[in-house]
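Visitor: structure of the sequence below:
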Amino acid sequence: GCVNRKTQLSFITMASHYYNQSIRGSIVADADYHELPEVLRFNKYGGVLSPQERDSVAKSKGLCNKCGKVTHKVTALRSVPLNNDDVKNGVCLICHPEQRGAVKEKKK
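Guide: Got it, this is the predicted structure:
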């Protein structure tokens, strides 16, 4: 039948809310979703990013896809892995502590 505009918008808003909630539950199992930087949570229109979209954005911006820490210096032509206290050869040691020893062994 005939559905008025207000009912349509209400349904769309409700469906969008439930869709976002279902995605939000599956995004990050080992880190709090709300601690991620906004660039890894939302697209430019305010929609919630899927895990695949989040990985793509993180890679293009040189960020860890789990915590958002900068892991690479991104230039127009390439991305250069960083080395500091929290990152070794572009690997975030906060999210991948097992890499701390593995990276040190490579240098020997």
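
Visitor: tell me which residues touch the closest residue in space to His72 that isn't next to it in sequence, please.
Guide: For His72, ignoring the flanking residues on the chain, the nearest one in space by Cβ to Cβ, 6 or more residues apart in numbering is Gly62 at 3.5 Å. Yep, even glycine has a C-beta here, placed from its N, CA and C like the rest. Neighbouring residues of Gly62 by Cβ atoms under 8 Å, 6 or more residues apart in numbering: 70-74, 79.

Visitor: ranking those by neighbours, who comes first?
Guide: Thr71 (27 neighbours; other Cβ atoms under 10 Å).

Visitor: where does that residue land on pLDDT?
Guide: The per-residue pLDDT reported for Thr71 equals 95.

Visitor: my read: it touches Pro81, true?
Guide: Yes. Counting by Cβ atoms under 8 Å, Thr71 does reach Pro81; the two are 6.9 Å apart.

Visitor: anything in contact with each of those two?
Guide: Applying Cβ under 8 Å, 6+ apart, one finds that Thr71 and Pro81 are jointly contacted by 87, 90-91.

Visitor: and Arg54, what helix or strand is that in?
Guide: Using DSSP states H and E, Arg54 sits within helix 51-61.
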